[in-house]
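> Provide a 3D model corresponding to the input given below.
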Amino acid sequence: MKIEEFKSGKYLQQYQYKSFSPTKVNIPWSWDDGKINTLLAEANRKLGALDAYSSHILDIDIFIEMHIAKEATQSSKIEGTRTELEEAIKTSKDIAPERKDDWQEVHNYIEAMNSSINKLNTLPVSTRLLKDAHRILMKGVRGEHRNPGEFRASQNWIGGATIKDAVYIPPIHTELNELMSDLEKFLHNDQLDVPVLIRTAIAHYQFETIHPFLDGNGRIGRLLITLYLVSSGLISKPSLYLSDYFEKHRILYYDNLKRVRVKNDMSQWIKFFLVGIIETSEKGNNTFKSILTLKEQIEDQKIIKLGKKLPTAKLLMNYLYRKPIVSVQEVQNELKVSLPTSNSLLSDFENLGILKEKTGWKRNREFEFTEYLNLFRDK
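Below you'll find the model as predicted:
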């Protein structure tokens, strides 16, 4: 199938509405659009440079936690959740009651990501893996009663107050198992000579078009991107937060997905997706460079001044790379030191210009590793 000749599907008459029945994707793909090849080569190069950090930085997992938090925050933000990165890295007790629902959705995404990445050691990217991730995603949040971990058994729709004025009506539920089986086969069909990034772009479009769950399809579909890139070996760690690109270009993101269904224009979606890989990889590369520069500066010029406290100071630094907003009690518990020692160490870090106290209070003080956190904040 030439991408330029792709027909996205057809509408089927149901009772009082028409649902969209997408064309299956487990087929040979080719294209004449040279721009796709140019972008694909650039995307692979940029992604390879980003992944190189995973093998060159010994403690890469410390920094990956912030990448996952960023991905979770931005993916949830696309769906209307209003949790900022600063809140996402805090514990539940530090979140205002009116913000806890949004906070929980972001943390469920983080848990679903971590759980799914671990399961890739024994499971391929599959319907089972996505259902497990969905079950975690819906736990204790809005949508928790909408069949978590199971494909829908009723019709859903996108946009509109009712199905009668919906913007898009996905395939009827009786088609889901066959369509998702086809998608799973497409992801793992070694007989298809389709590059991983092209396959990922098509798979994300197809998943969002199928919309197999009653809720959470956008987040699971974006999670699918990371899981497939890791499982295919294109990246060894979840260091790519593509949802940041989608969130910043939210209208284009939805328009290009819709354009495939309405105008059969898969080429434009793939090009948009590849540009996202390129831009996000570049941003990730710059972030890792900045992290290493900051790490070297702090270790060689700042905490070295703490003398006998240096071993404990290094432990605190490792904790701050994972959680750049901390309290005295958290540091006490994490480092297993006394409260006076925790207070003293945080004061040392404040004096060295590593941390900033944010509350202005004498008790329940909160310290922020601002220079590091700024590397992940929206720009």
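> ok so Met113 is a helix residue?
Yes - following the definition DSSP: H, G, I helix; E, B strand; the rest coil, Met113 is counted among the residues of a helix.
> can you give me the end-to-end span of stretch 295-304?
By Cα to Cα, to the nearest Å, the extent of stretch 295-304 from end to end equals 12 Å.
> for that stretch, buried residues please.
Of all the residues in stretch 295-304, those buried under the rule 16 or more other Cβ atoms under 10 Å are 295, 298, 302-303. (C-beta placed from N, C-alpha, C; glycine too.)
> find the nearest non-adjacent residue to the most centrally placed residue in the chain, please.
Residue closest to the average C-alpha location in the chain (Cα atoms, centre = their mean): Glu71, at 3.4 Å. Excluding the flanking residues, the one nearest Glu71 by Cβ to Cβ, 6 or more residues apart in numbering is Tyr241, at 3.8 Å.
> mind checking the SS state of the one you found?
With three-state DSSP as the basis, Tyr241 sits in coil.
> same question, Phe367
strand.
> you'd agree it is up against Ile325?
Yes - with contacts counted by Cβ atoms under 8 Å, Phe367 reaches Ile325, the gap being 7.2 Å.
> any residues in contact with both of the two?
Lys358 (Cβ atoms under 8 Å, 6 or more residues apart in numbering).
> could you verify that Asp215 is part of a strand?
No - assessed with three-state DSSP, Asp215 is coil; it does not lie in a strand.
> okay, now it: neighbour count?
Residues within reach of Asp215, counting by other Cβ atoms under 10 Å, total 22.
> what's the neighbour count on Ser181?
Residues near Ser181, counting by other Cβ under 10 Å: 14.
> these two touch, right, the residue nearest to Glu71 and Lys77?
No - contact criterion Cβ under 8 Å: Tyr241 and Lys77 do not qualify, at 11.6 Å.
> how far away is the closest residue to Thr127 other than its chain neighbours from Trp29?
The shortest distance from Thr127 to any non-neighbouring residue, by Cβ to Cβ, 6+ apart, is to Met180 (5.3 Å). In this structure, Met180 and Trp29 are 19 Å apart, going by Cβ to Cβ, to the nearest Å.
> and if you look at Phe6?
For Phe6, the distance to Trp29 - Cβ to Cβ - is 8 Å.
> now do Thr341
Taking Cβ to Cβ as the measure, Thr341 falls 60 Å from Trp29.
> more neighbours: which of those two?
Trp29 (19 against 15).
> how's the protein carved up into domains?
Here the domain parsing of the chain from automatic domain parsing is 3-286, 306-373.
> can you tell me which of the ones you listed is most buried?
Highest mean neighbour count among the domains of the chain (mean count of other Cβ atoms under 10 Å): domain 3-286, with a mean of 18.
> how far off centre is that one?
Counting by Cα atoms, centre = their mean, to the nearest Å, domain 3-286 is centred 8 Å from the centre of its parent chain.
> coming back round to it: could I get the buried residues of stretch 295-304 as CSV with secondary structure and pLDDT?
Below are the buried residues of stretch 295-304 laid out as CSV (DSSP: H, G, I helix; E, B strand; the rest coil; pLDDT from 0 to 100):
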residue, secondary structure, pLDDT
Lys295, helix, 94
Ile298, helix, 96
Lys302, helix, 96
Ile303, helix, 96
